[in-house]
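**Student:** Any chance you could fold what I've pasted below:
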Amino acid sequence: MPARNAFYAQSGGVTAVINTSAAGVIEAARDHPEAINTVYAGVNGILGALDEQLIDTGRESAESIAALRYTPGGAFGSARYKLKGLDENRAEYERLIEVFRAHDIGYFFYNGGGDSQDTAHKVSQLGEAMGYPITCIGVPKTVDNDLPGTDTCPGFGSVAKYIAVATREAGLDVASMAETSTRVFILETMGRHAGWIAAASALARDHEEAPPHVILLPEVALDEARFLERVRACVERIGYCVVVVSEGLRTADGRFVADQGTRDAFGHAQLGGVAPAIAAMVRERLGYKYHYAIADYLQRAARHIASATDVEQAHALGRAAVEFAVAGHNAVMPTIVRDADAPYRWHIGQVPLADVANREARMPAEYIDADNLFVTEAALRYLRPLIAGEDYPPYRDGLPEHVHLRAERVAPRCPPFRD
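**Tutor:** Numbering: from 1, shown residues only. As a prediction, this is how the structure comes out:
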């Protein structure tokens, strides 16, 4: 069977290691010239296929592709763009097949979360139905760590490390000034429905009274009275309190505390501002002076403090996607399978795309303490190995050095699709 081209795209919110997975895909494809000629990358994710804006990664040097390992953000551009169901908007899927056919693309590697795995699954189904079979492999990515079927997701280990470090360092700052200044510090993390990132802050605690003192998770409704009593008791006992809260925290009636009343491109409620909401509650009910911080993009972009475990797994999963494809697998996603906690051991597995598409893996009940205000030792055993090790980027003039690709475009062969 003659070699064909591949299409790779990045989807959704980027991470500190999504480009590491890209490097894994491209390097592995170059190791299989008998199956894959060139990897075309979509400009701004799946939009690159719809608009036929393709980057020829074959024109990038091996050194540049290797340097993606150290570069945060999305090197080819990402997008929050959800393709609707086949029955609702078949034209977009047919457009993908049209572009793939025009550029002899026989492999589709989609690097993203649950919505992206759903798209890859639908493309594999439509290709078969249209007489243009295409091998579709999902490459897992999400800082939220909420993809089912895999022990962890690339991007999570690094954001978990960032949040744990930030919690410890900020806690020392607050402790040193608490007598005359801030009594309560609130750190807001990402996490719409799953509290993995906020939970990782617990790794900062190196003795019983160290921060964080309270963790508020989206898996459990906020009990205001219990929360405020914990804060008051903490301040009275040690002089200050550090609270870490997930953006997806909900009230007892199921509403997001920080719902902005708008929706993103995937149809999800846009969140932001749970930290000031919690701060206002502390001020009004307890009268303590407070400060808050919203980690926002900083937490997912912090490649300078990435977890070595995360980097290694992101690269391995990118390579595995190609190895699965050339071995004849289709409509699957490579996964991390945990073999042991300490010492940490893992291997690559796989799961059908149909089993991960549009699904979320939340924190299990046994990871949340009885008061719903912290995590258990079981959660810490799970989390510890994921932040292990350092993989620093090269530095120049005191700053991390990142690669800038040539990003040469491929000449279009299809008529325009969108206005």
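**Student:** Just the buried positions in the helix ranked longest in the chain, please.
**Tutor:** Secondary structure of the chain read by DSSP state H shows that its longest helix is helix 156-177. Neighbour counts over helix 156-177 (16 or more other C-beta atoms under 10 Å) mark 156-168, 170-171, 174-175 as buried. Where you see a C-beta, it was placed from the backbone N, CA and C, and this is true even at glycine.
**Student:** Tell me which residue lies nearest the centroid of this protein.
**Tutor:** In the chain, the residue lying closest to the centroid (C-alpha atoms, centre = their mean) is residue 142, at 1.9 Å.
**Student:** so what's that residue closest to, chain neighbours aside?
**Tutor:** Nearest residue to residue 142, sequence neighbours excluded (C-beta to C-beta, 6 or more residues apart in numbering): residue 113, at 4.0 Å.
**Student:** what number of residues lie near the one you found?
**Tutor:** 24 (other C-beta atoms under 10 Å).
**Student:** Residue 354 now?
**Tutor:** The tally of other residues near residue 354 (other C-beta under 10 Å) stands at 14.
**Student:** Which of the three states applies to residue 52?
**Tutor:** coil (DSSP: H, G, I helix; E, B strand; the rest coil).
**Student:** quick one: it and residue 412, what's the gap?
**Tutor:** Distance, residue 52 to residue 412, using C-beta to C-beta, to the nearest Å: 5 Å.
**Student:** all strands of the stretch 1-150 of the chain, in order?
**Tutor:** 4-10, 36-42, 54-56, 105-112, 135-140 (DSSP state E, counting those that start in this stretch).
**Student:** and the next element down the chain from the longest helix of the chain?
**Tutor:** Remark: after helix 156-177, the chain's next helix or strand is strand 184-189, criterion DSSP states H and E.
**Student:** Touching that next one from outside, list them.
**Tutor:** The list of residues contacting strand 184-189 from outside it, by C-beta atoms under 8 Å, 6 or more residues apart in numbering, reads 163, 166-167, 170-171, 174, 197-198, 201, 211-212, 231, 235, 240-247, 274-275, 278-279, 282, 286, 288-296, 299.
**Student:** likewise stretch 74-89?
**Tutor:** 8-14, 18-19, 22, 41-48, 55, 68, 92-93, 115, 119, 122, 125-126, 264-267, 403, 405, 407.
**Student:** if you set the cut-off to 7 Å instead, what comes out?
**Tutor:** Contacting residues not belonging to stretch 74-89 are listed as 10-12, 14, 18-19, 22, 41-47, 55, 68, 92-93, 115, 119, 122, 126, 264-267, 405 [C-beta atoms under 7 Å, 6 or more residues apart in numbering].
**Student:** Report the outermost residue of this structure with respect to its centre.
**Tutor:** No residue in the chain sits farther from the centre than residue 180, which is 38.7 Å out by C-alpha atoms, centre = their mean.
**Student:** ok so, going back, buried subset of the contacts of stretch 74-89?
**Tutor:** Buried positions within those, assessed by neighbour count (16+ other C-beta under 10 Å), are 10-12, 14, 18-19, 22, 41-47, 55, 68, 92-93, 115, 119, 122, 126, 405.
**Student:** The residues you listed in helices, which ones?
**Tutor:** Short answer: the buried ones among the contacts of stretch 74-89 in helices (DSSP H) are 18-19, 22, 47, 92-93, 115, 119, 122, 126.
**Student:** Lowest-scoring secondary structure element of this structure by mean pLDDT?
**Tutor:** Across the helices and strands of the chain, mean confidence by mean pLDDT, DSSP states H and E is lowest for strand 269-271: a mean of 53.
**Student:** For stretch 240-251, which residues meet the burial criterion?
**Tutor:** Those would be 240-250, for stretch 240-251 by 16+ other C-beta under 10 Å.
**Student:** what do you get for stretch 318-330?
**Tutor:** Those would be 318-326, 329-330, for stretch 318-330 by 16+ other C-beta under 10 Å.
**Student:** pLDDT score for residue 261?
**Tutor:** The model reports residue 261 with a pLDDT of 54.
**Student:** Next one: the residue lying closest to residue 389 once chain neighbours are set aside relative to residue 69, how far apart?
**Tutor:** Of all residues beyond its chain neighbours, the one nearest residue 389 is residue 308 (2.8 Å), with distances taken as C-beta to C-beta, 6+ apart. According to C-beta to C-beta, residue 308 and residue 69 sit 11 Å apart.
**Student:** Looks to me like residue 348 is in a helix.
**Tutor:** No. Residue 348: not assigned to a helix; according to three-state DSSP it is strand.
**Student:** on that earlier part again, what's the residue nearest to residue 142 in contact with, if anything?
**Tutor:** Residue 113 makes contact with 12, 141-142, 147 under the criterion C-beta under 7 Å, 6+ apart.
**Student:** same check, this time on residue 226
**Tutor:** 371, 373 are the contacts of residue 226 under C-beta under 7 Å, 6+ apart.
**Student:** Tell me how far it lies from residue 198.
**Tutor:** From residue 226 to residue 198 the distance is 17 Å (C-beta to C-beta).
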